[in-house]
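S.K.: What follows is a protein structure lacking sequence information:
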């Protein structure tokens, strides 16, 4: 894409300039997603909410989704249960790739109105993929819980620039906050599972019946008495 934006897909007006910013021509207004008045939100926000609900229905209310979640939870147990693991791994990759492409399309048609990059690996998305991982982890990997999590982190990212202008707090603080969220969420899941294993182990110990005295011990006890 970096090659295409610097060559065949570059904006003709930029091609004639010495700067040659790697970007396409601006989309016509007829192809842009409509705004949700009186805000700056566009129709892509509603599309994201609808897709989150549909993904929840797919993963938690269908047999296909149950198998995808089973493969994600335990690969070996799913294979032992007769689930074709490779098929559902590829299917999960296809679905996630399709949703990511749709998210990129809504970003272009709703916000940027053109494809543009700064030449880096995250130049097209502005680290939207990493932010999506943070929102998903904060929402406990549940499609419906990611909706409020995405709104929260979206507000943080948008408010970071204004925070820097108004109170001179660096906007990079929000990026550091995203990293801390990942660390704390992942570590809390680790400690939760560890505490759950300890609780199960203690429950098994409590349920273990006391040892029964053998016949020899009982005879010895009776002779002593």
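M.R.: In hand now; what should we look at? The shown structure was predicted, so the numbers you read here are calculated from the model rather than taken from an experiment. Numbering: from 1, shown residues only.
S.K.: Tell me how this structure divides into domains.
M.R.: In terms of domains, the chain is parsed into 1-125, 127-207 (source: automatic domain parsing).
S.K.: I'd like those as a markdown table, with mean pLDDT appended.
M.R.: Output for the domains of the chain, formatted as a markdown table (pLDDT from 0 to 100):
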| stretch | mean pLDDT |
| --- | --- |
| domain 1-125 | 88 |
| domain 127-207 | 84 |
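S.K.: Export those as JSON lines, with columns for mean neighbour count.
M.R.: The way it works is simple: take the backbone N, C-alpha and C, and place the C-beta from them, glycine included. Listed next are the domains of the chain as JSON lines, based on neighbours: other CB atoms under 10 Å:
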{"stretch": "domain 1-125", "mean neighbour count": "14"}
{"stretch": "domain 127-207", "mean neighbour count": "14"}
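S.K.: I'd like the distance from the closest residue to residue 108 other than its chain neighbours to residue 130, if you could.
M.R.: Spatial nearest neighbour of residue 108, chain neighbours left out: residue 115 (6.0 Å); criterion: CB to CB, 6 or more residues apart in numbering. According to CB to CB, to the nearest Å, residue 115 stands 20 Å off from residue 130.
S.K.: do the same with residue 197
M.R.: From residue 197 over to residue 130 (counting by CB to CB), the distance is 31 Å.
S.K.: what does residue 82 give?
M.R.: 36 Å.
S.K.: go on, residue 190?
M.R.: Using CB to CB, residue 190 is found at 21 Å from residue 130.
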